[in-house]
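1. Quick one: sequence and predicted model below, then my questions.
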Amino acid sequence: MKTKNLIVSFTVLMIAWVLLNWTIDPVNLIIGASISIFLVVVFCSKCELFTDIKITPKAFIYTFIYLFVFIIELIKANIDITRRVLSPKLQINPGIVKVKTKLKSKMARLILADSITLTPGTFTLQVEEDVFYIHCIDTRCGDDVEKATEEIVRKFEKYLEVLYD
Amino acid sequence: MINPEMIIHVAVAIMGLAMFLAMIRFVKGPSVVDRVVAFDSLTVTSLVIISIIAVLSNRMIYFDVAIVYGLLSFIGVIVVAKYLKKGL
Amino acid sequence: METIKLIGAIMILMGSFSLLIAVIGLLRMPDVYNRVQAGTKASTLGAIVSFIGVGLYTVESWGDGNWLGRVIILIIFILLTNPVSSHVLMRVAYFTKIPLTKLTKTDMLKKDGNTIIKEGENE
């Protein structure tokens, strides 16, 4: 469990190094690897950022599907915001609703909260264990927790379930 | 053929207008949080303008300025929020 | 080459329109919560589209320079930090008891016994 965390952290740092230097010169790679190993051993031996990520071919494919879904939602969010902002009479109907998630992993919850923030008309206000309080710009479901969960969380949750334990 | 550099100059002018409008919210904002939100949007706009200046003047070092500026503004917003929550 | 540069310039123009819409949202919305929403979403996509445009515009120097790597790092950075900082801001707005607008339909957080303010009192 612990080695997986170290290996994934090392890979992320290495990718950042290569992107910043934009070369695959061996000397450069050795310097980057030694700096990454130092940082991973000092800072990542106690943290548990990537302990519950899954490294399987299926998870790899689902990462790309998730990114695709996310980008589509991001563009939809902007069309939605543009329509609301530019219409002469402000069409807003705000409210705070409550949703529940089935995800257990901390990292998956973080990604879910970030995704909710960037999708049309919803914004994560407070997270407590498995309950999210969400500020909606257009409340359609009111106090109904089940209906709000179905509408806001489900479309991301089914992909994140595959990616994280 | 339209000159691409011309289009970029128009885009920078639009971003300048956006920064001016954000300044109105920054001065007017009734609460501190309004001002910080306006500041955040000013930061993102100026990040884009810095990167465009880097491209037009063909100096890569300005891009590093943009990266560091983004980092510092993120930390600044977090610190202001922490201060308002009486946790600093 | 020339076509890719033109596409990049047009993407920068689209991004600048998105940034302008974010700021118009900041000016028009009635309370802090809606302002944060409009500001964050539109400015995040505006910045990302502009950076992709910058990446395409520098197509001639992809081989010898590292423009593309830095552009990718900036995009990932904006995508990770912008939602977090605005989420923190909205929580702080709720903590300092800035009132919601009169148009608000429902407030589940208040009905469940406002946990954000309780958290602050414990510290």
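-> Done, it's in. Numbering: from 1, shown residues only, chains lettered A, B, ... in the order given.

2. Point me to the residue of chain C nearest chain A.
-> residue C:66 (3.1 Å; C-beta to the nearest C-beta). All C-beta atoms are positioned from the backbone trio N, CA, C, and that covers glycine.

3. Confirm for me that residue A:124 is in contact with residue A:136.
-> No - using C-beta atoms under 8 Å, residue A:124 is not in contact with residue A:136; the gap is 10.9 Å.

4. In stretch A:45-65, which residues are buried?
-> A:50, A:51, A:52, A:53, A:62 (16 or more other C-beta atoms under 10 Å in any protein chain shown).

5. can you redo the residues you listed as a markdown table with secondary structure?
-> Shown next, in a markdown table, are these (DSSP: H, G, I helix; E, B strand; the rest coil):
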| residue | secondary structure |
| --- | --- |
| A:50 | coil |
| A:51 | coil |
| A:52 | coil |
| A:53 | strand |
| A:62 | helix |
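
6. what residues go with each domain of chain A?
-> Using automatic domain parsing, the domain parsing of chain A gives A:2-43, A:57-164.

7. Let me have those domains in a markdown table, extended by mean pLDDT.
-> Formatted as a markdown table, those follow (pLDDT from 0 to 100):
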| stretch | mean pLDDT |
| --- | --- |
| domain A:2-43 | 88 |
| domain A:57-164 | 82 |
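
8. so after the lengthiest helix in chain C, what's the next helix or strand?
-> Taking DSSP state H as the criterion, chain C has its longest helix at helix C:67-95. Next in sequence after helix C:67-95, counting helices and strands by DSSP states H and E, comes helix C:108-111.

9. Can you tell me which helices and strands that following helix packs against?
-> strand A:95-100 (3 or more C-beta pairs under 8 Å, 6 or more residues apart in numbering or on different chains; DSSP states H and E).

10. pLDDT weak spots in chain B?
-> B:1, B:87-88 (pLDDT under 70).

11. Need the nearest residue in space to the residue nearest to the spatial centre of chain B, chain neighbours excluded.
-> By C-alpha atoms, centre = their mean, chain B has its centre lying nearest to residue B:43, at 2.2 Å. Among residues not flanking residue B:43 along the chain, residue B:73 sits closest, at 4.2 Å (C-beta to C-beta, 6 or more residues apart in numbering or on different chains).

12. mind checking the SS state of the one you found?
-> Applying three-state DSSP: residue B:73 is helix.

13. Could you count how many residues lie near it?
-> 19 (other C-beta atoms under 10 Å in any protein chain shown).

14. Give the closest residue to the residue of chain A found nearest chain C in space, chain neighbours not counted.
-> Nearest residue of chain A to chain C (C-beta to the nearest C-beta) works out as residue A:22 at 3.1 Å. Closest residue to residue A:22 apart from its sequence neighbours, by C-beta to C-beta, 6+ apart: residue C:66 at 3.1 Å.

15. if we can go back for a sec, and the domains of chain A, which is most packed in?
-> Comparing the domains of chain A by mean neighbour count (mean count of other C-beta atoms under 10 Å in any protein chain shown), domain A:57-164 ranks first with a mean of 17.

16. May I have stretch B:10-26 as CSV, with CA atoms only?
-> Once non-C-alpha atoms are left out, stretch B:10-26 reads as follows in CSV (Å, rounded to 0.1, in the frame of the first residue of the first chain):
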residue,chain,number,x,y,z
VAL,B,10,-8.1,42.8,-30.0
ALA,B,11,-8.3,40.0,-27.4
VAL,B,12,-5.9,41.9,-25.1
ALA,B,13,-8.1,45.0,-25.4
ILE,B,14,-11.1,43.0,-24.3
MET,B,15,-9.2,41.7,-21.3
GLY,B,16,-8.3,45.2,-20.4
LEU,B,17,-12.0,46.1,-20.4
ALA,B,18,-12.7,43.1,-18.2
MET,B,19,-10.0,44.2,-15.8
PHE,B,20,-11.5,47.7,-15.6
LEU,B,21,-15.0,46.3,-14.9
ALA,B,22,-13.5,44.0,-12.2
MET,B,23,-11.9,47.1,-10.6
ILE,B,24,-15.4,48.6,-10.3
ARG,B,25,-16.5,45.6,-8.3
PHE,B,26,-13.2,45.8,-6.3
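
17. Thanks a lot, catch you later.
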